[in-house]
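Participant: can't give you the sequence, but here's the structure:
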């Protein structure tokens with residue numbers, strides 16, 4: 001396929017959207033993250049004329065027609081250009097090894113399968129994907145050598161049925177009804193009736209609500225078609241605002257989907273709400289927005305795909321995808337998203353598919369994830385492992401090594417550069433342990449380097465924390481050291497990291513010995529005598545110091561402090577060791593030290 005490639009063309013691409021943008025995400029495909037692939041002569045290209053590649057599959061609905069939509073609004077485009085009518089385009093995202101089409105091509109429906117097949121042929125050596133696409137196109141693409149998997153379903157509200165006589169959608173949402181009776185009101189934003197100053201004020205309110213909503217989600221920003229951009233392409237969108245006693249509680253950004261220049265319906269693309277919005281605000285906002293559109297005669301509203309919901313149990317990959325839907329809650333809860341959309345009782349659910357020239361579902365899903373995380377999969381993985389459900393304290397900002405938005409490494413190379421000291425220390429600890437097992441002189445140094453409170457030597461203070469008793473001891477210490485050390489090195493930078501490391505490795509045992517002497521020597525001399533005979537090795541004290549520092553940085557600090565404190569007490573009782581109190585002491589030292597630093601930095 002000969003094509004021309006380029007960024008968003010404000011004339012041609014908008015014409016193509018208004019002529020062929022009958023998919024839910026059609027307007028979102030015009031986002032700046034995509035580029036256009038335009039066949040030079042689509043009408044004359046082989047396989048692109050006449051009937052579609054295969055017949056409509058059983059149970060699939062026929063393509064919607066603007067003439068069948070009694071609520072279609074006035075034409076957005078009086079007459080589409082001949083070029084748009086004949087050419088169309090595909091909006092794509094380029095990835096290493098793959099090219100991903102955003103939804104269905106902006107082209108005549110009977111030609112879309114052949115357009116995607118031609119796109120795949122134009123990128124030899126690369127996998128070609130498209131998502132999400134409807135059942136008809138997925139069926140046709142199977143005949144063109146693609147594999148297709150249902151990856152979700154979309155709730156559809158046919159407003160004539162939804163608000164038909166005898167139907168009461170509000171009956172299922174009593175809290176929303178009560179909120180409406182207490183003065184909550186949903187109105188469409190009409191910027192034409194506002195002065196320039198009033199419009200700017202409303203826009204600032206909406207931007208604040210959107211920012212608060214995103215901050216409350218505490219999740220990484222998504223790419224592809226899942227970007228939260230309520231003000232993108234705003235000239236084509238409609239906005240419905242919910243206010244309670246004058247305060248903006250939330251709003252809906254409704255994007256049109258079109259055919260032949262006519263609006264077929266609206267997609268509620270973004271619906272941000274204040275985190276402290278009144279109970280029932282989300283339900284009232286959605287229902288009232290639907291009602292206002294129904295009063296205009298709009299035929300259809302869609303809420304976007306609920307991933308992995310309403311899957312065909314006999315479809316390819318349904319076992320794995322269904323298991324993810326039922327069980328996966330780490331970072332994203334598929335079931336709760338579907339339940340929220342389903343509680344409004346849509347008139348139907350339409351299946352949506354991921355199609356790929358690669359027959360392996362695992363590869364197709366990996367490509368789909370890479371498309372949604374433009375900075376790579378490492379960053380969301382770190383976010384889930386190290387920060388899922390955890391929030392940094394606002395007062396921690398002055399002591400952080402970088403602004404909160406730039407803390408998480410974007411690539412593996414960046415992660416290694418920012419945690420090289422932790423990685424080097426882990427290698428040192430492992431190397432010393434392996435070396436002492438293989439080289440007798442190093443083993444002799446190990447035996448002379450234990451920290452013994454009754455016979456303190458410089459080797460015991462400086463070298464004892466670098467050695468470990470056995471492989472089990474080494475493995476436990478290094479796994480936890482690698483995790484907490486890397487997190488602290490990234491969050492606080494190298495200077496603070498070295499101070500915490502030094503406190504944990506070399507200050508903890510002498511300090512604990514002093515505390516034990518003060519407590520035991522005069523009222524429990526036998527316990528003090530036993531303490532003097534103990535021998536200690538290992539780097540676990542550094543882990544406890546870093547865990548204490550991390551707890552000081554987090555709003556949910558107790559979720560780190562309590563498990564570590566309980567584990568420290570367990571070691572004391574299991575070993576009958578007073579010296580093991582060094583774990584608790586360094587945990588508290590790391591916590592108190594960071595809290596003091598945050599307080600001082602805040603005042604400065």
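Facilitator: Okay, I see it. For clarity, every value in this text was computed on a predicted model and none was experimentally measured.

Participant: contacting residues around stretch 510-519?
Facilitator: Contact with stretch 510-519 is made by 453, 456, 461, 528, 531, 578-579, 581-582, 585, 589, as judged by CB atoms under 8 Å, 6 or more residues apart in numbering. Quick note: C-beta positions are derived from backbone N, CA and C, even for glycine.

Participant: among those residues, which ones are in helices?
Facilitator: 461, 528, 531, 582, 585, 589 (DSSP state H).

Participant: check the gap between the nearest residue to the first one once chain neighbours are set aside and residue 547 for me.
Facilitator: Nearest residue to residue 461 in three dimensions, chain neighbours excluded: residue 506, at 6.1 Å (CB to CB, 6 or more residues apart in numbering). When distances are taken as CB to CB, to the nearest Å, residue 506 and residue 547 turn out to be 18 Å apart.

Participant: looking at those two, which one has more neighbours?
Facilitator: Higher neighbour count among residue 506 and residue 547: residue 547, with 29 against 18, using other CB atoms under 10 Å.

Participant: tell me where the stretch 301-450 of the chain has helices.
Facilitator: 318-327, 334-342, 361-372, 378-387, 412-418, 420-438, 440-447 (DSSP state H, counting those that start in this stretch).

Participant: average pLDDT across the fourth one?
Facilitator: The reference is to helix 378-387. Here helix 378-387 scores 59 as its mean pLDDT.

Participant: what's the answer for the fifth one, then?
Facilitator: Model confidence over helix 412-418 averages 87 on the pLDDT scale.

Participant: now do the buried residues in it.
Facilitator: 414-415, 418 (16 or more other CB atoms under 10 Å).

Participant: determine the set of other helices and strands touching that helix.
Facilitator: The contact analysis (3 or more CB pairs under 8 Å, 6 or more residues apart in numbering; DSSP states H and E) places helix 412-418 against helix 378-387, helix 471-492.

Participant: repeat that for 10 Å
Facilitator: helix 378-387, helix 420-438, helix 471-492 (3 or more CB pairs under 10 Å, 6 or more residues apart in numbering; DSSP states H and E).

Participant: in a markdown table: the ones you listed, plus distance to residue 213 and mean neighbour count.
Facilitator: Formatted as a markdown table, those follow (distance: least, CB to CB, whole Å; neighbours: other CB atoms under 10 Å):
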| stretch | distance to residue 213 | mean neighbour count |
| --- | --- | --- |
| helix 378-387 | 18 | 17 |
| helix 420-438 | 35 | 15 |
| helix 471-492 | 25 | 19 |
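
Participant: tell me which of those helices sits nearest to residue 559.
Facilitator: helix 378-387 (11.9 Å; CB to CB).

Participant: could you list the domains of this protein?
Facilitator: The record's domain parsing of the chain by automatic domain parsing lists 3-153, 157-305+328-345, 380-603.

Participant: tell me the most buried of these?
Facilitator: domain 3-153 (a mean of 19; mean count of other CB atoms under 10 Å).

Participant: give me the residue ranges of the chain where confidence is low.
Facilitator: 1-11, 39-88, 218-220, 376-390, 405, 604 (pLDDT under 70).

Participant: what about the strands in it?
Facilitator: For the chain, the strands defined by DSSP state E occupy 3-6, 35-39, 90-95, 98-102, 127-133, 147-158, 185-188, 238-244, 247-259, 262-270, 300-302, 306-307, 348-356.

Participant: check contacts around the spatially closest residue to residue 234 that is not a sequence neighbour.
Facilitator: With sequence-adjacent residues excluded and distances taken as CB to CB, 6+ apart, residue 234 is closest to residue 253, at 8.0 Å. Contacts here follow CB atoms under 10 Å, 6 or more residues apart in numbering; on that basis residue 253 touches 189, 206, 210, 228-234, 237-240, 266-272.

Participant: out of the buried residues of helix 412-418, which comes closest to residue 399?
Facilitator: Among those, and counting by CB to CB, the member closest to residue 399 is residue 418, at 16.3 Å.

Participant: you'd agree that closest one is up against residue 401?
Facilitator: Yes - Residue 418 lies in contact with residue 401 (CB atoms under 10 Å); the separation is 8.3 Å.

Participant: who touches both of these two?
Facilitator: 407, 489-491, 493-494.

Participant: want to throw those residues into a markdown table with distance to residue 136?
Facilitator: What follows is the shared contacts of residue 418 and residue 401, written out as a markdown table (distance: CB to CB, whole Å):
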| residue | distance to residue 136 |
| --- | --- |
| 407 | 45 |
| 489 | 52 |
| 490 | 48 |
| 491 | 50 |
| 493 | 55 |
| 494 | 57 |
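
Participant: closest one to residue 467 out of the residues you listed, please.
Facilitator: Nearest member of these to residue 467, counting by CB to CB, is residue 489, at 22.5 Å.

Participant: residue 563 reaches residue 556, doesn't it?
Facilitator: No - using CB under 10 Å, residue 563 is not in contact with residue 556; the gap is 11.9 Å.

Participant: I'd like the helices and strands packed on helix 412-418 as JSON lines, with distance to residue 93 appended.
Facilitator: Output for these, formatted as JSON lines (distance: least, CB to CB, whole Å):
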{"stretch": "helix 378-387", "distance to residue 93": "17"}
{"stretch": "helix 420-438", "distance to residue 93": "32"}
{"stretch": "helix 471-492", "distance to residue 93": "28"}
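
Participant: can you check which of those helices gets nearest to residue 150?
Facilitator: Across these, closest to residue 150 is helix 378-387 (CB to CB), at 23.6 Å.

Participant: for residue 577, see how far away residue 103 is.
Facilitator: Taking CB to CB, one finds residue 103 at 63 Å from residue 577.

Participant: ignore the last one, residue 122
Facilitator: 69 Å.

Participant: that older thread, can I get the domains of the chain in a markdown table with distance to residue 320?
Facilitator: Below are those laid out as a markdown table (distance: least, CB to CB, whole Å):
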| stretch | distance to residue 320 |
| --- | --- |
| domain 3-153 | 10 |
| domain 157-305+328-345 | 11 |
| domain 380-603 | 19 |
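
Participant: tell me which of those domains sits nearest to residue 372.
Facilitator: Using CB to CB, those put domain 157-305+328-345 closest to residue 372, at 4.8 Å.

Participant: tell me the gap between stretch 125-136 and the middle of its chain.
Facilitator: 22 Å (CA atoms, centre = their mean, to the nearest Å).

Participant: ugh, typo on my part, it should be stretch 346-361
Facilitator: 21 Å.

Participant: mind listing what's buried in it?
Facilitator: So, applying 16+ other CB under 10 Å, buried residues of stretch 346-361: 346-347, 349-358, 361.

Participant: circling back: okay, the strands of the chain in JSON lines with distance to residue 598 next?
Facilitator: Converted to JSON lines, those look like this (distance: least, CB to CB, whole Å):
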{"stretch": "strand 3-6", "distance to residue 598": "49"}
{"stretch": "strand 35-39", "distance to residue 598": "45"}
{"stretch": "strand 90-95", "distance to residue 598": "41"}
{"stretch": "strand 98-102", "distance to residue 598": "43"}
{"stretch": "strand 127-133", "distance to residue 598": "44"}
{"stretch": "strand 147-158", "distance to residue 598": "43"}
{"stretch": "strand 185-188", "distance to residue 598": "42"}
{"stretch": "strand 238-244", "distance to residue 598": "36"}
{"stretch": "strand 247-259", "distance to residue 598": "32"}
{"stretch": "strand 262-270", "distance to residue 598": "35"}
{"stretch": "strand 300-302", "distance to residue 598": "47"}
{"stretch": "strand 306-307", "distance to residue 598": "39"}
{"stretch": "strand 348-356", "distance to residue 598": "46"}
